[in-house]
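Trainee: I'd like to go over a predicted model; first the sequence, then the structure.
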Amino acid sequence: MTKEQERARARRRHEEAEKKQKAPVSESTRDKQVFGVILAILLIVAAVIVVPKVLPSNDTAEPAAGSQTSIATPEAGSTPSAGLASGQKLAAGCTTPPAAQTSPKQFSKVPDKATAAGKTFTATVKTTCGDIVFELDGAKAPQTVASFISLAKEGYWAPSPCHRVTSEGIFVLQCGDPTGTGQGGPGYTFGIENAPKDGSYPAGSLAMARTQDPNSNGGQFFITYKDSKLPTEGGGYSIFGKVTKGLDIVTKIAANKAVGASPSDGTPVSPISILSVSVTEKKA
């Protein structure tokens with residue numbers, strides 16, 4: 001074969017290769033390619049829709065302002081309705097409690113502690129089980145007492161169930177949340193004052209409930225019906241007065257303990273609700 005023939009043959013092979021490269025795609029091949037593209041798109045769309053529902057959310061519920069779990073984490077329940085809940089029974093001398101509030105009054109400003117500073121007050125708390133009387137010490141806890149007086153005048157606790165009783169380790173009846181859930185507050189908070197350094201709370205002590213935040217005092221308070229030793233971590237709990245009448249009522253409610261799986265800490269078996277609170281200043 002001459003060189004001329006070899007060059008001609010090589011040229012023909014090159015032209016045939018170019019024709020194959022430029023040949024149109026067959027219908028079957030094109031259909032497969034189109035189907036592959038559509039399938040890929042569908043998979044991408046499905047991933048966009050499904051993934052956010054599968055991944056865990058980073059959102060966390062923020063507690064309401066002034067929400068309190070005090071002393072130990074309570075078992076917050078649903079808002080009680082009028083009458084008795086499952087497992088509850090009236091103690092002797094008590095009447096059926098009204099429904100808890102669903103939208104308690106809210107306030108944006110902490111009351112001026114000067115209104116209570118250096119003064120002593122008497123608070124009469126009318127309940128569904130009789131009157132309980134407090135002596136409020138504005139000399140030792142002016143901010144707490146000023147807040148208590150302001151909330152009483154505003155009718156904040158009318159009505160308000162006592163949502164928690166404890167009967168093991170510590171001995172308290174906790175009240176002051178109009179919703180009855182243990183999470184309600186007046187809309188403002190303030191700090192600790194007059195908390196015992198040794199954590200000793202004699203029977204009849206009137207003190208503020210709070211969360212782990214030392215500045216979370218609001219509207220919830222507790223009464224110790226027996227001498228109790230409470231934690232001092234975080235600053236303790238503000239004592240702002242004492243019970244001068246009606247401690248026997250608190251003891252009677254506590255004797256029946258709590259409903260549910262933890263009778264030593266929870267919603268009282270025998271309900272008691274605050275109906276109204278009136279406060280007068282004691283004159284020297």
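Mentor: Sure thing, it's come through. Numbers count the residues shown, from 1 in each chain.
Trainee: following the least confident helix or strand in the chain by mean pLDDT, which helix or strand comes up?
Mentor: The helix or strand of the chain with the lowest confidence, counting by mean pLDDT, DSSP states H and E, is helix 27-54 at a mean of 40. Per DSSP states H and E, helix 27-54 leads on to strand 120-127 as the next helix or strand towards the C-terminus.
Trainee: What is the helix or strand just after that next one packed up against?
Mentor: Note on strand 120-127: by DSSP H and E, the next helix or strand toward the C-terminus is strand 130-137. Strand 130-137 is packed against strand 120-127, helix 142-153, strand 239-245, helix 247-255, with contacts defined by 3 or more CB pairs under 8 Å, 6 or more residues apart in numbering; DSSP states H and E. The C-beta positions use only the backbone N, C-alpha and C, and glycine is treated the same way.
Trainee: now with 7 Å?
Mentor: In this structure, strand 130-137 makes packing contacts with strand 120-127, helix 142-153, strand 239-245, judged by 3 or more CB pairs under 7 Å, 6 or more residues apart in numbering; DSSP states H and E.
Trainee: hmm, who's touching the first one?
Mentor: Yep, that's strand 120-127 we're talking about. Strand 120-127 is contacted from outside by 131-138, 145, 148-149, 152, 272-282, using CB atoms under 7 Å, 6 or more residues apart in numbering.
Trainee: Pairing partners for that strand, with directions?
Mentor: Listed by DSSP bridges, the sheet partners of strand 120-127 and their directions read strand 130-137 (antiparallel), strand 273-281 (antiparallel).
Trainee: Report the angle between the shortest one and strand 239-245.
Mentor: Per axes from the mean of the first three to the mean of the last three CA atoms, to 10 degrees, the angle that strand 130-137 makes with strand 239-245 is 140 degrees.
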